[in-house]
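[1] Starting from these lines, generate the structure:
(one chain, ligands or ions: 1)
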Amino acid sequence: MYTQALNTSDADDRHIEDAARAAAFQARIDAEERIEPNDWMPAAYRRTLTRQISQHAHSEVVGMLPEGNWITRAPSLRRKAALLAKVQDECGHGLYLYAAAETLGASREELVDLMLAGKAKYSSIFNYPTLTWADIGVIGWLVDGAAIMNQIPLCRCSYGPYARAMIRVCKEESFHQRQGYEIMLTLARGTDEQKAMAQDALNRWWWPVLMMFGPPDQASQHSDTSTKWKIKRFSNDELRQKFVDATVPQAQYLGLTIPDPGMKQNEAGHWEYSAIDWDEFKQVLAGNGPCNHDRMAARRKAHDEGAWVREAAEAYAEKRRHRQTAQAAE
Ligand code: FAQ
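    Next up, the predicted model:
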């Protein structure tokens, strides 16, 4: 027995120790305990959360661009004020999410640099153009609607800082969804031209919105581990179906037609939709969507133009450090 113990290498010991820690970690997850930044966690858990939270943060920030396009052209002061506030909310969501990602050890600079270098993803949906005012209604109604469907379960995600950030984000997204739906209601009850504009926007955004939920379950490479770790509570297809079921009656109330002639309600009450064009999704992820180039160019320009703010903040922090050191020495 003793001879065997002496023959055990440090690496073996580490493996046994890590396996024990991983089992204890999984037991905490299974017991619905929250994992906090200073707790031990498997490296893969840390990696997958850093990936997801930072992609989520990039999406919120890039997501300001399609709507920002309409701030100067909003049809009334009331609409302009609401849109301005909504876009600012999205910026705030990005900031909470970068802060949550930083608790996992990556710096915000590193994460932003990965996105600007085209190495980190942001949501496919923000690579589509906003051609008319009705697109602003559809983004609130459907894009924020899809975001809420995906993010409500994230409020129960196993990682504490992400789950807590999601609670506030979801409250704000609910308001966004309502203001978007109200824009759609106004257009749908307006002139024939306004109703046609609302229908056209729905036609263009419907399928890209369904793609927001991610690839179908059998092609979702991260789902198994993320479900085991209770980062994901529902699969991509489950959330997509919940979204479709919730949205069809809303479209009916507006008097608009979902652009899917094959759609039908099954006996269980679920709306079955036609096949999604996953080639289009892959093209958008590969950088070939209608606006990928413009979005990245806009983000890089904003980042470069904001360099002086970052430099000024660093210089101020340095000055404060000096002052504090000098005061401590007195
Ligand atoms: N776009 O294995 P899975 C918003 C990637 S916020 C681009 O299924 P996972 C607010 C995925 O990253 C919208 N990439 O991945 C707003 C992975 O690639 P990787 C953003 C996508 O993580 C409203 C690969 O495909 N929301 O809208 C997309 O288990 C209005 C394989 O996929 C979030 O980020 C996509 N649509 O599930 C702002 C929510 N889908 O990393 C402004 C948090 C998948 O291996 C205006 N994220 N990919 O290179 C999540 O819940 C999950 O990450 C999923 C994907 C469900 C998006």
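[2] Which residues of the stretch 101-250 of the chain lie near the ligand?
    Contact residues (Cβ under 6 Å from any ligand atom) of the stretch 101-250 of the chain with the ligand: 121, 123-124, 139, 143-144, 147, 150, 211-215, 220-223, 226, 236. C-betas here are computed from N, CA, C, even on glycine.
[3] buried subset of the residues you listed?
    Buried members of these, counted by 16 or more other Cβ atoms under 10 Å: 123-124, 139, 143-144, 147, 150, 211-215, 220, 223, 226, 236.
[4] How about A201, nearest residue that isn't a chain neighbour?
    Spatial nearest neighbour of A201, chain neighbours left out: A134 (3.7 Å); criterion: Cβ to Cβ, 6 or more residues apart in numbering.
[5] any chance you could map the helices in the stretch 151-300 of the chain?
    For the stretch 151-300 of the chain, the helices defined by DSSP state H, counting those that start in this stretch occupy 160-188, 192-211, 223-228, 236-254, 278-283, 292-305.
[6] Check which residues of the helix or strand where R47 lies are buried.
    Using DSSP states H and E, R47 sits within helix 43-62. For helix 43-62, the neighbour count (16+ other Cβ under 10 Å) marks 45-46, 48-62 as buried.
[7] just checking: which of the residues you listed also lie near the ligand?
    Within the buried residues of helix 43-62, those near the ligand by Cβ under 6 Å from any ligand atom are 51-52, 55-56, 59-60.
[8] Report the contact partners of the closest residue to A165 other than its chain neighbours.
    Nearest residue to A165, sequence neighbours excluded (Cβ to Cβ, 6+ apart): Y96, at 4.3 Å. Applying Cβ atoms under 8 Å, 6 or more residues apart in numbering to Y96 gives the contacts 165, 168-169.
[9] List buried residues within the residues you listed.
    Buried subset of the contacts of Y96 (neighbour count, 16+ other Cβ under 10 Å): 165, 169.
[10] Turn the contacts of Y96 into a markdown table, including distance to T257.
    Shown next, in a markdown table, are those (distance: Cβ to Cβ, whole Å):
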| residue | distance to T257 |
| --- | --- |
| A165 | 37 |
| R168 | 35 |
| V169 | 31 |
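[11] ok, so of the contacts of Y96, who is nearest S274?
    V169 (31.2 Å; Cβ to Cβ).
[12] Quick one: residues contacting that closest one.
    By Cβ under 8 Å, 6+ apart, the contact set of V169 is 93, 96-97, 151.
[13] R240 now?
    If you count contacts by Cβ under 8 Å, 6+ apart, R240 has them with 210, 213.
[14] Show the pLDDT at whichever residue of the chain sits closest to the ligand.
    Closest residue of the chain to the ligand, Cβ to the nearest ligand atom: G63 (2.6 Å). On the pLDDT scale, G63 is placed at 98.
[15] is it true that it touches N127?
    No - counting by Cβ atoms under 8 Å, G63 does not reach N127; the two are 10.7 Å apart.
[16] Can you pull out the low-pLDDT segments for the chain?
    The model of the chain has pLDDT under 70 over residues 1-14.
[17] Next, name the residue at the spatial heart of it.
    In the chain, the C-alpha nearest the mean C-alpha coordinate belongs to H56, at 3.4 Å (Cα atoms, centre = their mean).
[18] residue contacts, that residue?
    Going by Cβ under 8 Å, 6+ apart, H56 touches L97.
[19] swap in W229?
    29, 45, 48, 158.
[20] what do you get if the cut-off is 7 Å, keeping everything else the same?
    For W229, the contacting residues are 29, 45, 158, by Cβ atoms under 7 Å, 6 or more residues apart in numbering.
[21] can you check R46 too?
    For R46, the contact set (Cβ under 7 Å, 6+ apart) comprises 104-105.
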